[in-house]
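just need the structure, nothing else, for what follows:
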Amino acid sequence: MHKKTHYLVLALTLILALFMLNGCQEKNQEQTIGEVNGEAITEKQFEQHYRLVLNYYEQTYGKIDEKKEPELVTNLKDSSFEDLVVQKLILQEAKKRGIEADLKQVEQDLAFIREQRNQLEENGYQKFMDDNGFDEEFLKQEWITQNLYIQLRNDVTSEVKISEEECQAYYEENKDVFKHPAGKEIFHILVEDEDKAEEVLAQLDKGDSFSELAAEYSIDPGSRTRGGDVGVVNEDTNFVEPFKEAALKLPPGELLTTPVKSDYGYHIIKAGEQLEEGIWPYSKVQADIQAALLMSKQDEVFNQFLEDLRANAEIKDYRK
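Purely as a prediction, here's the structure:
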């Protein structure tokens with residue numbers, strides 16, 4: 001696997017894998033299998049982290065037969081070891097920079113995991129821990145490392161900027177990306193229950209900003225930062241039926257004063273313009289372009305930073 005894939009395993013798989021793991025047995029060995037600048041990687045750390053990687057892989061690509069696919073297993077184990085190397089480097093660099101984990105946020109994240117597992121089945125969190133041989137210390141350390149990863153990335157990339165010229169150039173060179181179908185602009189605020197929906201509608205009735213209320217109350221992460229904008233909706237749009245039906249009936253420029261219930265919660269819907277097929281103007285997509293380019297450049301800078309850290313580290317792998 002490519003080094004950047006290893007870093008993404010650290011940054012992306014942990015949260016996903018924790019919701020989807022199946023059972024494995026733990027070797028529970030404290031034997032040192034590697035070192036990073038003199039700090040040990042133990043067999044126990046490796047086996048538990050390997051299960052995160054293995055289960056995430058199986059949930060994404062399907063079950064693997066370790067006997068029939070030894071090369072794949074070796075690659076996954078090497079990836080897991082590389083993850084732990086990067087974790088050690090992150091912990092060491094964060095300490096050098098005086099960056100401390102937000103333990104309150106870590107505990108909130110772990111509490112959320114416990115709640116989700118227990119909602120799936122009775123005593124689900126403990127079963128999850130027992131079936132996979134995880135202990136609280138391991139889980140908390142993974143979350144601490146994830147928290148430090150985010151903080152370190154923010155620190156390293158704090159000076160990264162995207163210019164107006166870069167945004168405009170991207171738009172001009174990629175206009176096909178910004179095509180939209182014929183249909184109606186639709187905005188929504190998604191909330192958990194009808195009482196909250198009525199509360200938001202009352203604030204809208206008083207003249208409060210729809211986009212500001214979306215940012216404050218909506219539980220739809222994809223649209224809340226865009227003022228509730230879900231894009232252009234037409235008969236071919238793949239949205240849940242109650243929401244789509246209400247959106248298509250709503251005249252342009254109007255607000256639906258009755259919340260619409262779906263499997264996701266309660267929607268407060270507002271219609272924008274009726275549009276012909278075309279390309280979004282630069283002013284409409286500028287913020288999205290800037291955010292995407294900034295993320296891409298930050299990824300590039302931080303991945304290079306991690307590669308430099310690794311290149312200058314003393315790393316020993318005793319598995320060989």
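
show the average pLDDT along the longest helix along the chain.
Ranked by number of residues, the top helix in the chain under DSSP state H is helix 282-311. Mean pLDDT, helix 282-311: 96.

mean confidence score for whichever helix or strand comes after that helix?
Note on helix 282-311: by DSSP states H and E, the next helix or strand toward the C-terminus is strand 315-317. On average, the pLDDT along strand 315-317 is 96.

in strand 315-317, which residues are buried?
For strand 315-317, a neighbour-count test (16 or more other CB atoms under 10 Å) marks Ile315, Lys316 as buried. Any C-beta I mention is one placed from the backbone N, CA and C, and that applies to glycine too.

how far off centre is it?
30 Å (CA atoms, centre = their mean, to the nearest Å).

partner strands of it, parallel or antiparallel?
Strands adjacent to strand 315-317 in the sheet, as given by DSSP bridges, are strand 32-36 (antiparallel).

for the helix or strand just after the partner strand, packing partners?
As assigned by DSSP H and E, the chain's next helix or strand after strand 32-36 is strand 39-42. Identification of packing neighbours for strand 39-42 by 3 or more CB pairs under 8 Å, 6 or more residues apart in numbering; DSSP states H and E yields strand 32-36, helix 70-96.

just how off-centre is the last one within its chain?
Put plainly, it is helix 70-96. What separates the centre of helix 70-96 from the centre of its chain is 20 Å, taken as CA atoms, centre = their mean.

picking that back up, tabulate the helices and strands packed on strand 39-42 in TSV, adding columns for distance to Thr42 and mean neighbour count.
Listed next are the helices and strands packed on strand 39-42 as TSV, based on distance: least, CB to CB, whole Å; neighbours: other CB atoms under 10 Å:
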stretch	distance to Thr42	mean neighbour count
strand 32-36	6	19
helix 70-96	9	18
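
how is this structure carved up into domains?
As given by automatic domain parsing, the domain ranges for the chain are 3-159+296-317, 182-276.

which of those domains comes out lowest on mean pLDDT?
domain 3-159+296-317 (a mean of 86).

pull the helix or strand containing Leu204 out as PDB, backbone CA atoms only.
Using DSSP H and E, Leu204 sits within helix 194-205. Provided in PDB are the C-alpha atoms of helix 194-205 (Å, rounded to 0.1, in the frame of the first residue of the first chain):
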ATOM      1  CA  GLU A 194     -41.400  17.800  15.500                       C
ATOM      2  CA  ASP A 195     -41.100  20.100  18.500                       C
ATOM      3  CA  LYS A 196     -37.700  21.300  17.300                       C
ATOM      4  CA  ALA A 197     -39.100  21.800  13.800                       C
ATOM      5  CA  GLU A 198     -41.900  23.900  15.200                       C
ATOM      6  CA  GLU A 199     -39.400  25.900  17.200                       C
ATOM      7  CA  VAL A 200     -37.300  26.600  14.100                       C
ATOM      8  CA  LEU A 201     -40.400  27.500  12.100                       C
ATOM      9  CA  ALA A 202     -41.400  30.000  14.800                       C
ATOM     10  CA  GLN A 203     -38.000  31.700  14.500                       C
ATOM     11  CA  LEU A 204     -38.400  31.800  10.700                       C
ATOM     12  CA  ASP A 205     -41.800  33.400  11.200                       C
END
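
can you pull out the helices in the stretch 51-200 of the chain?
Using DSSP state H, counting those that start in this stretch, the helices found in the stretch 51-200 of the chain span residues 70-96, 103-120, 124-132, 136-156, 164-173, 194-205.

buried stuff in the fourth one?
Neighbour counts over helix 136-156 (16+ other CB under 10 Å) mark 138-149, 151-153, 155-156 as buried.

what is the orientation angle of that helix with helix 282-311?
Here helix 136-156 runs at an angle of 120 degrees relative to helix 282-311 (axes from the mean of the first three to the mean of the last three CA atoms, to 10 degrees).

run through who's touching helix 136-156.
The contact list for helix 136-156 (CB atoms under 8 Å, 6 or more residues apart in numbering) reads 10-11, 14-15, 18, 44-45, 48-49, 52, 87, 90-91, 93-94, 97, 99, 101-103, 105-106, 109-110, 113, 129, 298, 301-302, 305.

helix or strand right after the helix holding Leu204?
For helix 194-205, the following helix or strand on the C-terminal side (DSSP H and E) is helix 210-217.

what residues of the helix or strand following that following helix count as buried?
Going down the chain from helix 210-217, the next helix or strand is helix 221-224, by DSSP H and E. Residues of helix 221-224 classed as buried: Ser223, Arg224 (neighbour count, 16+ other CB under 10 Å).

what is helix 221-224 packed up against?
Secondary-structure packing of helix 221-224 (3+ CB pairs under 8 Å, 6+ apart): strand 183-191, helix 210-217, strand 229-233.

ok, and what's touching the longest one?
Under the contact criterion CB under 8 Å, 6+ apart, strand 183-191 has outside partners 197, 200, 210-211, 213-214, 217-220, 223, 227-234, 237, 243, 247-248, 250, 252, 259, 264-275.
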